[in-house]
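Student: got a predicted structure here, sequence first:
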Amino acid sequence: MTTAWRVADVVDARPETADARTLRLRIPGLTGYLAGQHVDVRLTAPDGYQAVRSYSIASAPGAGGVAADELELTVEELPDGEVSPYLVGGVAVGDQLEVRGPVGGWFVWRPGDTGPVQLIGGGSGVVPLMSMARAHAAAGSDAPFRLLYSVRTPASGFYRDELDALAGSGAAGAPLRLDYVYTREAPPGWPHAPGRLMRDALTDAVFPPADDPTFYICGSTPFVEAVSGWLVDAGHAPDRIRTERYGGIGGAP
Amino acid sequence: MGIISSGFSGRRRNDDPRVPPGQYVTESFPVLSAGPTPRVTHDEWAFTLTTEKGVEHRWSWEEFLALPQEDVATDIHCVTSWSKLGTSWRGVSLDTLFAEVDTDYEYTMAHSYGGYTTNVPLKDLLDGKAWIAHSFDGADLAPEHGGPARLLVPHLYFWKSAKWVNGLQMLPQDQPGFWEQNGYNMHGDPWTEERYW
């Protein structure tokens, strides 16, 4: 019964970056979810005004100490946002929110999926991909997993320590291969000047068509349009490329 | 009423009667797609309406543009909670396309370049309720918004307005399309919030 609104308790809150925060929600009756799904969050102001927005789930079922009736959202505060400033800077542990879902059966990864998976995230678009990477690691899956993560600066990346741990400094057998692209500012000693992800850098950092990977791409609309178009040009089958665009729900939240 | 968040005031009071419940108004035109944007030229474009008798009514791009054109001013509502008011489209009414079509079936499946499908009852397509639109705001419809042409069924949530549409198939009973198999409602009326399963 995904359409019913349920009351969730905020049981943990921690910053990810200067303008993004992860909230852990306990949802009585939550019976599981798929990596990559989202929930709708509804806020009600004292005068009865309500606002609803969709947020991707960041956690994976049963992984990372998140209980079976809990899930985590990572919310980035948008400059003209109506809901996100309250979720990032207002709501506190012990408060309650209303949630609907989890929802979605397409932009999801299931632990039984065995083929290579290429995750490509731009900015806060990494959130549903992190759920997949966590689910993959928690399941001990043998499916080859790679993440290409485009961030503005080193400080704007989400989950940096956890991603580094999953990638194991590039060690063979690590559950994740991780590649960063820095668009505005790179870390000291980084071999590339900062700049937008380009076609050649993309094709160099993803599984080749011969590996028949499934792509999950999430970011702004220009990012997703460019990346998915380049992948098709490079010979990847369009039906293996799954996209989600936070611009779609983020034009004004 | 719901749980009150005392620190939340909100800024976008939706007392506009054009805005369905649970929606907020945006000035931008967000993009939502399940995969890459298909690139379809006008030369290769065709729209095919297929009946239960296997009859195919087919229009090339030139034939489609030669049909009576209508300008449509309407509000659109996305299931992800945004609504965009007063949008301007140009295209061909489904009443025009169905004028010569002989069918007793009451359901349709819309098909698109790229493989997308969505199901729409025939009654939601006729009587001035739906179009195949090729222009938005006076310009060719951009590929990421469904160009060369998309279905426009503005009284239903916008995932029913299939981008890159290339056909309608008549069906004897309702069958789920792409998003309808992936968690979304079979019908999608925004005024009764038919969002999910």
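Tutor: Done, it's in.
Student: when you work out contacts or count neighbours from here on, use the C-alpha atoms and nothing else.
Tutor: Will do.
Student: what residues does the stretch 1-150 of chain A put near chain B?
Tutor: The stretch 1-150 of chain A has residues A:1-3, A:7, A:43-46, A:48-54, A:82-83, A:86, A:90-91, A:96-98, A:103-107 near chain B, with proximity defined as Cα under 8 Å from any Cα of the partner chain.
Student: inside strands: which ones of these?
Tutor: In strands, judged by DSSP state E, the following of those are found: A:7, A:43, A:44, A:50, A:51, A:52, A:53, A:54, A:96, A:97, A:98, A:103.
Student: greatest separation within those: which pair is it?
Tutor: For these, the farthest-apart pair by Cα to Cα is A:44 and A:103; their separation is 21.2 Å.
Student: how about the residue nearest to residue B:136 when sequence neighbours are not counted: which residues does it bridge to?
Tutor: Nearest non-adjacent residue to residue B:136, counting by Cα to Cα, 6 or more residues apart in numbering or on different chains: residue B:89, 4.6 Å away. Counting by DSSP bridges, residue B:89 is bridged to residue B:72, residue B:136.
Student: for the chain, which segments count as helices?
Tutor: Just so you know, I chose chain A. Ranges of helices in chain A, per DSSP state H, are A:84-89, A:126-138, A:160-167, A:199-204, A:221-233, A:246-250.
Student: sorry, I should have been clearer: chain B.
Tutor: B:61-65, B:94-97.
Student: what's in contact with the shortest one?
Tutor: Taking contacts as Cα atoms under 8 Å, 6 or more residues apart in numbering or on different chains, the residues outside helix B:94-97 that touch it are B:67, B:68, B:125, B:126, B:127, B:128, B:130, B:131, B:132.
Student: ok, now how distant is the nearest residue to the fourth one once chain neighbours are set aside from residue B:123?
Tutor: Spelled out, it's residue B:126. With Cα to Cα, 6+ apart as the criterion, residue B:126 has its nearest non-adjacent residue at 5.4 Å, and that residue is residue B:95. According to Cα to Cα, to the nearest Å, residue B:95 stands 11 Å off from residue B:123.
Student: quick revisit: ok, the ones in strands among the residues of the stretch 1-150 of chain A next to chain B vs chain B, which is closest?
Tutor: Nearest to chain B among those is residue A:44, at 5.0 Å by Cα to the nearest Cα.
Student: okay, now the unreliable bits of chain B?
Tutor: B:1, B:12-14 (pLDDT under 70).
Student: the same query, at a cut-off of 50, please.
Tutor: Along chain B, the model assigns pLDDT under 50 to no residue.
Student: which residues in it form strands?
Tutor: Along chain B, the stretches classed as strands by DSSP E are B:24-25, B:46-50, B:56-60, B:70-77, B:82-93, B:107-112, B:117-121, B:131-136, B:139-140, B:150-152, B:165-171.
Student: residue A:211 contacts residue A:116, doesn't it?
Tutor: Yes: with contacts counted by Cα atoms under 8 Å, residue A:211 reaches residue A:116, the gap being 7.1 Å.
Student: what sits up against stretch A:95-107?
Tutor: A:1-10, A:33, A:36-43, A:216, A:242-244, B:2-3, B:5, B:34, B:181-184, B:196.
Student: can you do 7 Å?
Tutor: Residues from elsewhere that reach stretch A:95-107, judged by Cα atoms under 7 Å, 6 or more residues apart in numbering or on different chains: A:2-10, A:33, A:36-43, A:242, B:3, B:182-183.
Student: show me which of those are buried.
Tutor: A:3, A:5-10, A:33, A:36-43, A:242, B:3, B:182-183 (16 or more other Cα atoms under 10 Å in any protein chain shown).
Student: residues of chain B that sit close to chain A?
Tutor: B:1-11, B:13, B:22, B:26, B:28, B:30-36, B:80-81, B:182-183, B:196-197 (Cα under 7 Å from any Cα of the partner chain).
Student: can you select the buried ones among the residues you listed for me in ChimeraX?
Tutor: A single ChimeraX command is used to select the members of the residues of chain B next to chain A judged buried by 16+ other Cα under 10 Å:
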select /B:3,4,5,8,9,10,22,26,30,31,32,33,34,35,36,80,81,182,183,196
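Student: in stretch A:113-120, what's buried?
Tutor: Within stretch A:113-120, the residues scored as buried using 16+ other Cα under 10 Å are A:116, A:117, A:118, A:119, A:120.
Student: could those residues go into JSON lines alongside distance to residue A:234 and pLDDT?
Tutor: Compiled in JSON lines, the buried residues of stretch A:113-120 are given as follows (distance: Cα to Cα, whole Å; pLDDT from 0 to 100):
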{"residue": "A:116", "distance to residue A:234": "17", "pLDDT": "98"}
{"residue": "A:117", "distance to residue A:234": "17", "pLDDT": "98"}
{"residue": "A:118", "distance to residue A:234": "14", "pLDDT": "98"}
{"residue": "A:119", "distance to residue A:234": "16", "pLDDT": "98"}
{"residue": "A:120", "distance to residue A:234": "15", "pLDDT": "98"}
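Student: residue 103: neighbour count?
Tutor: Using chain A. Neighbour count of residue A:103, defined by other Cα atoms under 10 Å in any protein chain shown: 22.
Student: wait, chain B
Tutor: Around residue B:103 there are 15 other residues, counting by other Cα under 10 Å.
Student: hey, which helix or strand in chain A has the poorest pLDDT?
Tutor: helix A:246-250 (a mean of 48; mean pLDDT, DSSP states H and E).
Student: out of residue B:95 and residue B:123, which sits in the busier spot?
Tutor: For residue B:95 versus residue B:123, neighbours defined as other Cα under 10 Å are more numerous around residue B:95 (16 against 12).
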